[in-house]
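*Asks:* Predicted model, plus sequence, below.
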Amino acid sequence: MNYYFAPMEGITTYIFRNAFAKYYGGCSTYYTPFFSSIGFNKRELHDINPENNKNLRVVPQILCNDTGIFLTLADKFADLGYDEVNLNLGCPSGTVVAKKKGSGFLSVPDRLEAFLETVFDKSPLPISVKTRIGVKDAENWEQILDLYAKYPIKELIIHPRFQKQFYRDMPSLDAYVLATKKINVPLVYNGNIEDPSHLAALLKKAPATDTVMIGRYLLYNPELITELNGSEPSLDLARFRDFHAEMMEGYLSEMPGDRPLLHRMKELMFYCCHYIARCKGESDTDSMIKKIRKAEHLAEYKAAVQSIL
Ligand SMILES: Cc1cc2nc3c(=O)[nH]c(=O)nc-3n(C[C@H](O)[C@H](O)[C@H](O)COP(=O)(O)O)c2cc1C
């Protein structure tokens with residue numbers, strides 16, 4: 001099985017990617033959070049700088065519905081040496097969907113088709129697509145697949161939920177199986193691969209699956225891939241401490257004030273508390289999360305993390 005690290009806005013920065021690859025690894029490819037405008041801010045420039053992504057295979061992601069923006073960004077990524085670009089047709093956020101971007105683009109199939117015609121014709125890089133299976137429901141999933149079938153999509157990454165579900169309910173394995181039958185492009189499954197039983201359930205329904213993309217569950221459990229590959233996790237708190245310290249150091253050198261750094265580290269640690277509890281043989285994550293949430297300054301955050309770890 002081949003594993004991809006899912007793009008996660010605010011989390012999977014170059015600092016995170018490098019630290020994850022160093023301390024845990026197991027992913028062949030890392031997707032950047034989405035880029036949506038032509039002018040890169042400082043954070044985006046750092047994130048995409050090849051110097052900051054050495055020894056990692058990174059695919060930049062674009063979220064837009066404008067062919068000009070897509071092609072300009074794809075040109076920039078090609079100039080920087082990237083070998084693929086990913087189109088986000090999955091983002092469920094209300095503001096994005098209202099502008100008919102992300103999964104909202106699926107609600108205007110004629111516009112989407114015109115967009116795909118142009119970008120597949122003119123893109124300097126092969127295009128992979130990360131998609132949901134619909135907007136209000138999954139009724140149009142077959143038509144969406146018929147549309148995708150017209151283009152030389154490098155890989156179709158399917159998160160089989162529709163937009164209105166956000167992250168509720170379980171992803172529809174049946175919708176993924178339908179895609180395996182209907183479309184002849186390489187497929188990647190994404191969504192709630194939480195433990196080996198979820199991977200086994202996927203493989204039972206879609207035995208040809210050879211690549212899965214994982215996001216939140218690699219934060220809940222950075223050793224998930226070891227477990228999916230049939231080995232015992234080390235549950236090594238010292239290793240996690242080093243992983244955390246490396247990210248802190250990276251962000252301290254990038255972010256001037258306490259607040260943005262605190263926000264970033266807190267968000268990450270809310271997920272990682274589950275793994276820390278497991279390493280410590282505890283089941284209560286609430287008290288850890290409370291301690292971290294309470295920290296208003298960096299010194300308090302560091303003290304909270306130190307006491308937890
Ligand atoms: C905080 C957060 C940020 C995300 N940012 C992005 C993003 O920038 N681009 C994208 O395609 N998906 C994004 N996603 C969706 C994930 O890539 C993935 O599809 C989703 O979490 C389901 O996979 P999982 O169950 O393994 O987490 C985000 C999800 C979360 C929770």
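*Replies:* Received it, and whenever you're ready, just let me know what you need. Residues are numbered from 1 along each chain as shown.

*Asks:* hey, let's count contacts and neighbours off CA atoms from now on
*Replies:* Fine.

*Asks:* which sections of the chain are below the confidence cut-off?
*Replies:* The model of the chain has no residue with pLDDT under 70.

*Asks:* which parts of it sit against the ligand?
*Replies:* Taking Cα under 6 Å from any ligand atom, the part of the chain that reaches the ligand is made up of 6-9, 33-34, 88, 90-91, 159, 190-193, 214-217.

*Asks:* what do you get if the cut-off is 8 Å, keeping everything else the same?
*Replies:* 6-11, 32-34, 61, 63, 88-91, 130-131, 159, 167, 190-194, 213-218 (Cα under 8 Å from any ligand atom).

*Asks:* taking those residues one by one, which sit in helices?
*Replies:* 216, 217, 218 (DSSP state H).

*Asks:* picking up where we left off before, of the residues of the chain next to the ligand, select the buried ones using a ChimeraX command.
*Replies:* Buried residues among those (16 or more other Cα atoms under 10 Å), as a ChimeraX selection:
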select :6,7,11,32,33,34,61,63,88,89,90,91,130,131,159,190,191,192,193,194,213,214,215,216,217,218
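
*Asks:* buried ones in the helix or strand where residue 302 lies?
*Replies:* Element membership for residue 302 (DSSP states H and E) is helix 298-308. Using 16+ other Cα under 10 Å as the test for burial, helix 298-308 gives 301, 302, 304, 305, 308.

*Asks:* I would like the residues contacting it, please.
*Replies:* Helix 298-308 has contacts (Cα atoms under 8 Å, 6 or more residues apart in numbering) with 258, 262, 288, 291, 292, 295.

*Asks:* could you redo the last one with a cut-off of 6 Å?
*Replies:* 258, 291, 292, 295 (Cα atoms under 6 Å, 6 or more residues apart in numbering).

*Asks:* gap between the second one and residue 190?
*Replies:* Just to be clear, that refers to residue 291. Separation of residue 291 from residue 190 (Cα to Cα, to the nearest Å): 32 Å.

*Asks:* on that earlier part again, what is the distance between the helix holding residue 302 and the centre of its chain?
*Replies:* Taking Cα atoms, centre = their mean, to the nearest Å, one finds the center of helix 298-308 at 27 Å from the center of the full chain.

*Asks:* One more: stretch 63-70?
*Replies:* When distances are taken as Cα atoms, centre = their mean, stretch 63-70 is centred 20 Å away from the chain's centroid.

*Asks:* for stretch 270-277, same thing?
*Replies:* Relative to its chain's centre, stretch 270-277 lies at 18 Å (Cα atoms, centre = their mean).

*Asks:* buried ones in it?
*Replies:* The neighbour-count check on stretch 270-277 (16+ other Cα under 10 Å) flags 270, 271, 272, 273, 274, 275, 276, 277 as buried.

*Asks:* Tell me where this structure has helices.
*Replies:* All helices of the chain, identified by DSSP H, fall at 14-23, 42-48, 67-79, 94-98, 109-122, 141-148, 173-182, 196-205, 216-220, 224-228, 237-254, 258-279, 286-294, 298-308.

*Asks:* Convert the C-alpha atoms of the fourth one to PDB, please.
*Replies:* To tie it back to what came earlier, the one meant is helix 94-98. What follows is helix 94-98, C-alpha atoms only, in PDB (Å, rounded to 0.1, in the frame of the first residue of the first chain):
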ATOM      1  CA  GLY A  94     -19.400  27.600   3.300                       C
ATOM      2  CA  THR A  95     -17.600  30.700   2.000                       C
ATOM      3  CA  VAL A  96     -15.600  28.600  -0.500                       C
ATOM      4  CA  VAL A  97     -18.700  26.700  -1.700                       C
ATOM      5  CA  ALA A  98     -20.700  29.900  -2.000                       C
END
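
*Asks:* which other residues reach it?
*Replies:* For helix 94-98, contacts defined as Cα under 6 Å, 6+ apart pick out residue 104.

*Asks:* Got the domain ranges for this protein?
*Replies:* In terms of domains, the chain is parsed into 2-227, 237-308 (source: automatic domain parsing).

*Asks:* tell me, which strand in the protein spans the most residues?
*Replies:* strand 29-35 (DSSP state E).

*Asks:* Give the pairing partners of it; include direction for each.
*Replies:* If you go by DSSP bridges, strand 29-35 pairs up with strand 2-5 (parallel), strand 58-62 (parallel).

*Asks:* So for residue 206, which of the ones you listed sits nearest?
*Replies:* strand 2-5 (14.9 Å; Cα to Cα).
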